[in-house]
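# For reference, the sequence and a predicted model appear below.
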Amino acid sequence: MERIKNLVSKSFSKFLIIGSFNTLVDIILYSILTDLVGLNIIYSNIISTSLTLIMSFYLNHYFVFNSEKKKLSTAWKFVIITLFNVWGIQSLIIYISNHELLKANLLINHRWTINLLAKLCGVTVSFMLNYLGYKYVFRLSKEKLFIG
């Protein structure tokens, strides 16, 4: 049982590092697209998350979970989980958060702040959902969990 706890906490620590890096790249791209280019928040989210998806797959596959599974067998599951979370869940949260922040009329002169806060709300939820999904995608066989 202790080995499983160590494995989970080790993978979660690595996920926090890699996930934070991917999230930073994602937020920078999103901010450029929404605030400098002037794209719609949902289109910006889809583009920024799509660009970081490939980098995220390789870093999670090799560094976070040290998966020995073949890339092809994990890639399609990774893509489905990621796209559901970042294109579906995250985009919905961004849309709702953006709408509610605009309705509150607190930061009306700071549109970039509203966009960023909405993105952070979406990222917070999808970050945790992605970790749970990626554990499924890259999980080790039960034998490897118990063999030192």
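Looks like it arrived, so ask away. In this text, all values refer to a predicted model and were calculated from it rather than measured experimentally.
# Strands along this structure, start to end?
With DSSP state E, there are no strands along the chain.
# For the residue positioned nearest the centre of it, list the residues it contacts.
Centroid-nearest residue in the chain, with CA atoms, centre = their mean: Phe127, separated by 4.6 Å. Applying CB atoms under 8 Å, 6 or more residues apart in numbering to Phe127 gives the contacts Gly19, Thr23. Glycine gets a C-beta too; all of them are placed from N, C-alpha and C.
# The longest helix along the chain - contacts with which helices or strands?
Using DSSP state H, we find that the single longest helix of the chain is helix 2-31. Under the contact criterion of 3 or more CB pairs under 8 Å, 6 or more residues apart in numbering; DSSP states H and E, helix 2-31 touches helix 41-59, helix 111-138, helix 142-146.
# 6 Å - rerun?
Applying 3 or more CB pairs under 6 Å, 6 or more residues apart in numbering; DSSP states H and E, one finds that helix 2-31 contacts helix 41-59, helix 111-138.
# Mind checking the ones you listed for the one nearest to Tyr95?
Shortest distance between Tyr95 and the helices and strands packed on helix 2-31, using CB to CB, is found for helix 41-59: 6.4 Å.
# Contacts for the closest one next, please.
18, 22, 25-26, 29-30, 33-34, 78, 82, 86-87, 91, 94, 98 (CB atoms under 6 Å, 6 or more residues apart in numbering).
# mean confidence for that helix?
Averaged across helix 41-59, pLDDT comes to 93.
# For it, could you pull out the residues that count as buried?
For helix 41-59, burial by neighbour count (16 or more other CB atoms under 10 Å) applies to 41-42, 44-49, 52-53, 56-57, 59.
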